[in-house]
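Colleague: What follows is a protein structure lacking sequence information:
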């Protein structure tokens, strides 16, 4: 009796799996057509100057404050107040020189 129940169970499992496989394979249709190119999108390569500008952030936020990119560093800072890596800031840091740009710490106006 145990042999008959096991055999019956395996037959039901096999039939169910084959039905499920048939349903799934009939539901999925691969499209052989070439993708349609959108006419409103340009496919020209992006100029390197634009890519470089996208990699350089305007602000750097650290645990010690927010540093904003400036074109010209007007103030002279001591060695203790300048870092060359945003990960190495301290509470004394007033400027970050990174990404070929200078970032000055924004002071809280409270």
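Modeller: Everything's here; your move. For clarity, every value in this text was computed on a predicted model and none was experimentally measured.

Colleague: make it CA atoms for all contacts and neighbour counts henceforth
Modeller: Fine.

Colleague: quick one, what contacts residue 72?
Modeller: Residue 72 sits next to residue 102 when contact means C-alpha atoms under 8 Å, 6 or more residues apart in numbering.

Colleague: Over to it. Which of the three states is it?
Modeller: Of the three states, residue 72 takes coil according to DSSP: H, G, I helix; E, B strand; the rest coil.

Colleague: next SSE after the longest helix along the chain?
Modeller: Counting residues, the longest helix found in the chain (DSSP state H) is helix 2-27. Per DSSP states H and E, the first helix or strand lying C-terminal to helix 2-27 is helix 48-55.

Colleague: now that following helix: how far from the chain's centre is it?
Modeller: The chain centre lies 17 Å from the centre of helix 48-55; the measure is C-alpha atoms, centre = their mean, to the nearest Å.

Colleague: Average pLDDT for it, rounded please.
Modeller: For helix 48-55, mean pLDDT is 77.

Colleague: Then stretch 98-110?
Modeller: 77.

Colleague: do stretch 79-91 as well
Modeller: Throughout stretch 79-91, pLDDT has a mean value of 88.

Colleague: contacting residues around that stretch?
Modeller: Identification of contacts with stretch 79-91 by C-alpha under 8 Å, 6+ apart yields 60, 62, 64, 92-98.
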